[in-house]
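need a structure here:
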Amino acid sequence: MKQHTWLTGIWNQRTLGANKLAYMESILRALREGGFSVPLACDAYHALTAHIEGFSLQTAAFPIKANDVQAAARSFLQSLEDPASIPYFVEHVQHHLDQTEFTDQFELMLNMILDGFEARQQQS
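Residues are numbered from 1 along each chain as shown. Model (predicted):
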C-alpha cells in the first residue's frame, strides 16, 4: 500500500475479490493453526488487519516525507502560540526530535499487538 497509493482508494470497498479473500484466509489459517481459539483468532485477525491497513493508509496519506519530519516538527514547535495548552503533544513531538535511533514503527507496534495476544492465548 505504501508503494501503490492508488490501492488505498479501493482497499476498503465492500466487495471481496478472490485475492482479498485469500489474504484474509491466510491470516486466519496462520492464527488457527498456531493454536488460537476461534474467538481469539477472530480478535487477533481484526487487530492485525486494522494495524496493517491503518498503518499503511496513514503512511500513504502522511503529508510529510520521512526526511522532512524533523524539520517540520521543529517548525511546528516554534509556531505554537500556547504550547502549555498541549503539553503532552509537545512532549511527544520533542521525544521524536530527541531520538537518535529510529525503530521500525510498524514492526514495533505489531510486536506489541502480538505480545498481547500471546499473553491472552497463554491465559486460556
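
L28 and Y45 touch, don't they?
Yes. With contacts counted by C-beta atoms under 8 Å, L28 reaches Y45, the gap being 5.6 Å. (C-beta placed from N, C-alpha, C; glycine too.)

So what does T100 look like in phi/psi?
T100 adopts backbone torsions of phi -110, psi -20, taken as degrees, to the nearest 10.

Could you tell me how many residues sit around it?
4 (other C-beta atoms under 10 Å).

Roughly how far does it sit from L77?
18 Å (C-beta to C-beta, to the nearest Å).

Which residue, other than its chain neighbours, is closest to Q94?
Spatial nearest neighbour of Q94, excluding adjacent residues (C-beta to C-beta, 6 or more residues apart in numbering): L77 at 7.2 Å.

quick one, what contacts that neighbour?
83, 90, 93-94, 97 (C-beta atoms under 8 Å, 6 or more residues apart in numbering).

what's around K20, how many residues?
With other C-beta under 10 Å as criterion, K20 counts 13.

Identify the residues contacting it.
Per C-beta under 8 Å, 6+ apart, neighbours of K20: none.

right, and the helix or strand after whichever strand or helix holds the residue nearest to Q94?
Secondary structure from DSSP states H and E places L77 in helix 69-79. Next along the chain after helix 69-79, taking DSSP H and E as the criterion, comes helix 87-98.

Now do the buried residues in that next one.
V93 (16 or more other C-beta atoms under 10 Å).

Tell me the helices and strands packed up against it.
Applying 3 or more C-beta pairs under 8 Å, 6 or more residues apart in numbering; DSSP states H and E, one finds that helix 87-98 contacts helix 69-79.
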